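Participant: the following block contains a protein sequence and its predicted model.
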Amino acid sequence: MDEAFTSGQRLKRAPETSTGLSIYKHCAMNLDCASHSGGDECPPPPDTWPLWRYVTKMKKTTEGGGNVPFTCNFCKKTYKGSYSRVKSHLLRFVGSGIKSCPKVTTSQLTEMSNLENEAMQRRERGHSKMVPLSRPVSCFSRTSSHYESMDAINSSFRREVFEPRKRKVGGNTPLETSSDFQAKEQLDSEIAKMFYSGGLPFSLARNPYFIRAFSYAASNHIANYVPPSYNELRTKLLQKERTNVEDFLENSRSTWKSKGVTIVCNGWTDPLRMPVINFMAVNESGTMFVRAINCEGEYKDKWFISALIKEVIVEVGVANVVQVITDNAPVCKSVGLLVEQSFPHIFWTPCIVHTLNLALKNICAAKNTETIEITYDECRWITEIVGSALMIKNFIINHSMRRAMFNEFSKLKLLAVAEARFASVVVMLKRFKLIKQQLRTMVISEKWTYYRDDDIAKARLVKEKILDDLWWDMIDYILAFTEPIYEMLRACDTNQPCLHLVYEMWDTMISQVKASIYKHEKKSDNDDSCFWSVVHKVLEDRWSKTSAPLHCLAHTLNPRCSTNEWQRQHPNLCPPHTDFEISRMRKICLRRLFPNEEERHEVNVELAKFLGCLEEFNDCISLRDRWEMDPMQWWLVHGSRAPHLQSISMKLCGQVSSSSCCERNWSTYSFMHSRMRNQITPQSAQDLIFVHNNLHLNSRKTPEYIHGNTKMWDVAGDAFESMDDIGILEIANLSLDEPELESVLYTDEVGEESRNDYDVLTHSDDYWPVQVFNLLLLLLVTMLISKVLSSASSCSPLD
């Protein structure tokens, strides 16, 4: 058909150009619209413009353009606009001139986003196939009576232009798969360039927030998106994220009044020798980073530190704070006394992990001094065993060929453990025990003879020690009697509530250490042991300096300690109400917590009923639940008749006993000194530190932190200046799970030549002298080269 007439008007044939094709496409669309009953609405192809199905149009529209009133099927509000406004409304695009739909759920949003992305791909493929037709066509308005004569052409055109090819069952076409693969390759390349050019550590790839950002971008088409600018990141986005962090921390804050909170503080020095004090708020509901104070230029005496702690207490809420935990330094004890004078109901509690670590050092690394001469005489053999282990370690790792040979025989690494690390001796000996067979295989191999010539005497001594069964037996003995101390240290080195368990764990640990020593010495319980006497004295001295009244009161209020099952499980321990030390400490606590005598009398009456299982505490359900239920849960269920004790128990049973949460992985702050580098205000620096640390802490609460690709993603700390993971265990220097950390960090690197030969688990402070020395050496070499060049240039050929 060359020509058609409609309403008495004549249209010329469209030329064979892209413009003619566009006219033909428009006319064909009009004819298609007319084929619908009544001709009142023109629904566009659903596969090409899928979001029209989620709104109700009030008037006709074309394929995607044209303003038309429409009503959202979700929020029932009416707007006017084109398909792009429909998309912006439903997909919640910001800054598009239309309000986002508040009724669309996350699943619906994902479904519509996927539909729109698929439709966009179909539209792009469809437009790419629109070539000039070989045959020109004239078209007429949709009021023509000759619809039937156009059906064949219209149908053929629609099939060619608008209808996408049907996909084969089983996935994308090879062309689509190839295109997606190329796009993925390009995106991977761009991300890699970002890492390489910015000097970002590869551990950042495990950051869940990094993964989430690209996942969101992949599932949500944001047209013309531009990443945030330098100024936006350091100003309004930082303030916005601070608000978001404050919002999700509100759940933890809301529990402080009923469950209490512990203020944990610890000081350290960053890689630039800048002194910093961290403050964190911890309770059963979680850990919150409060602030980090730059103490540069300040004299850190008891007055200065106590003033900082008091400020944090006021910020958190005086009535909410149960205790303040610091390390065991003498100045910290003085600080604790000043805090208790200002707030009598708040207790200073020394860190139990520091106490156990100091006890291990006194036993395993005893020094020959007059005050501890007896201890040194009895524990000297431990020092000798540890010394020989250090000698073997240094002999292997200080020689590149021997180190390479060791790596051939052992998948695990030798660990150079610094003294600053908790239980450093035990950690090193545990690793030696794990690689015992590999070490023996190495020293009896032919390769060992090749790399001993530089120090034959020491090589012979190393071989003798490694093949000496008695030497290994002594290592087993050290690990056996220190295992109870090590296990208690691990139990307390967490953010989990354990204040009410410390007293019980300490007594149990003492009994287990004694049993291990007596078993090795083949003595009965009534026999005397000089070695046990020395070890027991070390532990008791440390306990006397650490034991806090709250330990005893929390132990008393633990319902399990007043049951027959507990007595059978701990036959050597006394019930709380019959132990003199516990009773004395408990009275001290109650006098400070309840200064009013009448109120304290009511508390004593409630305590007598609880300890004696009298009246309301004597029913069978309450007695059974004492052993089976968690202490906090028990007080929630059965403590309503003793409101004073219930209130105290709810607070004490949810508190920690160590300052580890304030130390672990916080020793690599780059943010404190990056404030000057990035020229941000002091308030912005505080906001940055607050957001940074609380995002870390919040991430640790998620299941992804324990399982999956993001497992323990932040063990590398904050060392964003480093490009590799050398020393990744250094920064996690307070964790006692180095084998687990190693399996996480080097899963993809086992067998690679680039794998580190050994780890140094140490504090970041130990590295600054090496860095300074390297810089000075480089400067000296540069000066020498300059001097040589200047001398050479000053000498002319005539001379």
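Facilitator: Right, received. Where do you want to start? Residues are numbered from 1 along each chain as shown.

Participant: secondary structure element for residue 290?
Facilitator: Under the criterion of DSSP states H and E, residue 290 resides in strand 286-294.

Participant: what helices or strands is that strand leaning on?
Facilitator: helix 236-253, strand 275-283, helix 302-316, helix 682-699 (3 or more Cβ pairs under 8 Å, 6 or more residues apart in numbering; DSSP states H and E). The C-beta positions use only the backbone N, C-alpha and C, and glycine is treated the same way.

Participant: quick one: mean pLDDT for the shortest one?
Facilitator: Mean pLDDT, strand 275-283: 86.

Participant: next, the angle helix 302-316 makes with that strand.
Facilitator: For strand 275-283 against helix 302-316, the angle by axes from the mean of the first three to the mean of the last three Cα atoms, to 10 degrees is 40 degrees.

Participant: adjacent strands (with direction) for strand 275-283?
Facilitator: As defined by DSSP bridges, the strand partners of strand 275-283 come to strand 261-269 (antiparallel), strand 286-294 (antiparallel).

Participant: closest one to residue 309 among those?
Facilitator: strand 261-269 (6.2 Å; Cβ to Cβ).

Participant: okay, now the unreliable bits of the protein?
Facilitator: Low-confidence segments of the chain, defined by pLDDT under 70: 1-47, 59-66, 94-95, 124-179, 269-273, 368-373, 415-422, 452-454, 661-682, 706-799.

Participant: please repeat the previous calculation with a cut-off of 50.
Facilitator: Scanning the chain with the threshold set as pLDDT under 50 gives 1-44, 61-64, 128-169, 665-673, 675-677, 718-773, 788-789, 792-799.

Participant: can you give me the strands in it?
Facilitator: For the chain, the strands defined by DSSP state E cover 5-6, 9-10, 55-57, 68-72, 78-81, 261-269, 275-283, 286-294, 321-326, 347-350, 414-417, 758-761.

Participant: of all those strands, which lies closest to residue 513?
Facilitator: The nearest among the strands of the chain, by Cβ to Cβ, is strand 347-350 at 20.6 Å.

Participant: which residues touch that closest one?
Facilitator: 322-328, 332-333, 335-337, 339-340, 499, 545-546, 548-551, 589, 592, 657 (Cβ atoms under 8 Å, 6 or more residues apart in numbering).

Participant: got a ChimeraX select line for the buried ones in those?
Facilitator: Here is the ChimeraX selection string for the buried members of those, based on 16 or more other Cβ atoms under 10 Å:
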select :322,323,324,325,326,327,328,332,335,336,339,499,546,548,549,550,551,589,657
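
Participant: next step: the contacts of strand 347-350 restricted to helices.
Facilitator: Taking DSSP state H as the definition of helices, the contacts of strand 347-350 contribute 332-333, 335-337, 339-340, 545-546, 549-551, 589, 592.

Participant: reformat those as CSV; add distance to residue 188.
Facilitator: As requested, those are exported to CSV (distance: Cβ to Cβ, whole Å):
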residue, distance to residue 188
332, 50
333, 55
335, 52
336, 54
337, 59
339, 54
340, 58
545, 56
546, 53
549, 59
550, 54
551, 54
589, 60
592, 61
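
Participant: which one of those sits closest to residue 516?
Facilitator: Looking across those and measuring by Cβ to Cβ, the closest to residue 516 is residue 546, at 22.2 Å.

Participant: spit out the contact partners of the closest one.
Facilitator: Contacts of residue 546 by Cβ under 8 Å, 6+ apart are 328, 350, 352, 355.

Participant: farthest-separated two in these?
Facilitator: The widest separation within these (Cβ to Cβ) is 9.5 Å, between 328 and 352.

Participant: quick one: residue 243 from residue 511, how far?
Facilitator: Separation of residue 243 from residue 511 (Cβ to Cβ, to the nearest Å): 52 Å.

Participant: what about those two, which has more around it?
Facilitator: Ranked by neighbour count (other Cβ atoms under 10 Å), residue 243 and residue 511 place residue 511 first, with 15 against 11.

Participant: next up, the contacts around the nearest residue to residue 525 once chain neighbours are set aside.
Facilitator: Using Cβ to Cβ, 6 or more residues apart in numbering and skipping residues adjacent in sequence, the residue nearest residue 525 is residue 518, 6.8 Å away. Shown in contact with residue 518 (Cβ under 8 Å, 6+ apart): 524, 525, 527, 529, 532.
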